[in-house]
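Student: sharing a model that was predicted from the sequence below.
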Amino acid sequence: MGYEESSRATGTSRRGSRRERRRERRPLRMLVVGIGVLALVGVIALGGYAFYLQRTVENNLEREDLNATQDSVVTISPDTFGGTQPGDDDSTDDDIDDSGLEGDGDIDEDAPPIVGEDGQPIEVTQSEFSATTPARPESSGEAMNFLIVGTDSRDLSQERGRSDVIVLMHISDERDRVDLIHFPRDLFVPIPGTGGSSKINAAYSYGGAPLLVQTLQPLIDVPIDHVVLVNFESFRAMTDAVGGVDVQVAEASPGFPQGVMHMDGDTGLEFVRERYALSQGDISRGQRQQAFIKGLMQKALSSETLTNPARVARFVDAATTNLTVDADLEVSRMRDLGFAMRSVRGDDIHFETAPWTGISDHPVAGSIVLLADDQMDSLSTHLREDTMESYVDEVSPRQGFGG
């Protein structure tokens, strides 16, 4: 499934036993009837607002055709919304947003090249194909899968932007567990409809969220129920709405010493965008994003926040102002899901990285992350059977680049 060159670096009894393991959880108080399943740059508010805030959410949300369900048409349009191909002259040489913060440091804004089986680049032209969707396994019950895409676009009607963050959110059938699986944007995978392979974020560059859905589903072999797009401004606003968050810095970098650090929105953006000063590059950046998500979740789900209606209102407004969801995700569905997950707390949120074996210099695609095929099959099995509580990844390198 992945590029093979050398690198640098169950049933009733299962559900019954899970119920026996579930611990008692305290009920929510005051106005809050749901909890937040958050993911922008890893963080988003999915549910978790009082009923009186429903109008705010309805007014803030934007809706687009983001998903790609069975037999729907997926359009590949590489030159739309600012997506350029390698060699084009209109790419930019900086990555500075309106706040003056530097982005991830990339100077090449071209869409990643598509590579054929012969190792040569493929020129991608506008085309269409019919989407396919994996069958929903009976063993998964009513488990749900959301694709969370963090984009640097400020206006999706004007530009598609880049998919700097790709996270699969798996919500268990019993609504008592959430798994957030980070897919490194440089993961080298087949891109449907192009005749070749590339970095996974190329799918978004060439065909937006629908093509990214079609790229991801064959890897996980479960249907993606809904798609959510968030941008960096929402990340900043949510952080500030809860008064900043405490984040565990596992690996130091300039300005970020190892240990627990309190961060506001601007500081958090710097923290989650860094990769060049980290030991595993984009992999380490993904782990930083997960650490920040955890800190934000803990603050958003704390009694300090949940018992403060004004803070809840600010947080929900911030979380949904820069939020775009697929056309089928209704606010009432979000509210009901949030209510069903009202007992979820920080310890019920789990983080994984899509399995990988190393990082390689591809002669055409550049630096790529190599997929661990067998371990990916294991992850897929646990997603299909809704047994993520027993998933273990002993393949992905814990330090360096693997190989």
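Tutor: Alright, I've got the coordinates.

Student: now the helices for this protein?
Tutor: Taking DSSP state H as the criterion, the chain contains helices spanning 11-21, 54-60, 201-220, 232-241, 265-273, 282-300, 303-306, 309-321, 331-340, 373-385.

Student: single out the most deeply packed of those.
Tutor: Among the helices of the chain, helix 201-220 has the highest mean neighbour count (mean count of other C-beta atoms under 10 Å), at a mean of 25. C-beta here means a position set from N, CA and C on the backbone, and glycine is covered the same way.

Student: let me know the average pLDDT across that helix.
Tutor: Summarised as a single mean, pLDDT over helix 201-220 is 95.

Student: tilt between that helix and helix 282-300?
Tutor: The directions of helix 201-220 and helix 282-300 differ by 80 degrees, with axes from the mean of the first three to the mean of the last three C-alpha atoms, to 10 degrees as the criterion.

Student: of the helices of the chain, which approaches Val124 most closely?
Tutor: Val124 lies closest, by C-beta to C-beta, to one member of these: helix 201-220, at 5.9 Å.

Student: could I get the CA-only coordinates of the closest one as PDB?
Tutor: Output of helix 201-220 as PDB, limited to C-alpha atoms (Å, rounded to 0.1, in the frame of the first residue of the first chain):
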ATOM      1  CA  ASN A 201      -2.900  15.900   2.200                       C
ATOM      2  CA  ALA A 202      -2.600  16.000  -1.600                       C
ATOM      3  CA  ALA A 203      -6.100  14.500  -1.700                       C
ATOM      4  CA  TYR A 204      -7.500  17.700  -0.200                       C
ATOM      5  CA  SER A 205      -5.400  19.800  -2.500                       C
ATOM      6  CA  TYR A 206      -6.700  18.100  -5.600                       C
ATOM      7  CA  GLY A 207     -10.300  17.300  -4.600                       C
ATOM      8  CA  GLY A 208     -11.200  18.900  -1.300                       C
ATOM      9  CA  ALA A 209     -12.800  17.000   1.500                       C
ATOM     10  CA  PRO A 210     -14.700  14.500  -0.700                       C
ATOM     11  CA  LEU A 211     -11.500  13.200  -2.300                       C
ATOM     12  CA  LEU A 212      -9.900  13.100   1.200                       C
ATOM     13  CA  VAL A 213     -12.800  11.000   2.400                       C
ATOM     14  CA  GLN A 214     -12.300   8.600  -0.600                       C
ATOM     15  CA  THR A 215      -8.600   8.400   0.200                       C
ATOM     16  CA  LEU A 216      -9.000   7.700   3.900                       C
ATOM     17  CA  GLN A 217     -11.800   5.200   3.700                       C
ATOM     18  CA  PRO A 218      -9.900   2.400   2.000                       C
ATOM     19  CA  LEU A 219      -7.300   2.600   4.700                       C
ATOM     20  CA  ILE A 220      -9.700   2.300   7.600                       C
END
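
Student: what is it packed up against?
Tutor: strand 73-76, strand 144-151, strand 163-171, strand 188-191, strand 226-231, helix 373-385 (3 or more C-beta pairs under 8 Å, 6 or more residues apart in numbering; DSSP states H and E).

Student: confidence score at Asp176?
Tutor: pLDDT, read off for Asp176, is 92.

Student: surely Gln289 and Arg275 touch.
Tutor: No. Assessed by C-beta atoms under 8 Å, Gln289 is found out of contact with Arg275, at 10.3 Å.

Student: nearest approach to Arg285 belongs to which of the helices and strands packed on helix 201-220?
Tutor: Across the helices and strands packed on helix 201-220, Arg285 has its closest neighbour in strand 163-171 (9.2 Å, C-beta to C-beta).

Student: what angle do that closest one and strand 226-231 make?
Tutor: Using the same axes, to 10 degrees: strand 163-171 against strand 226-231 is 140 degrees.

Student: ok, strand 163-171: who's next to it in the sheet?
Tutor: Sheet pairing here is set by DSSP bridges, and for strand 163-171 it gives strand 144-151 (antiparallel), strand 178-182 (antiparallel).
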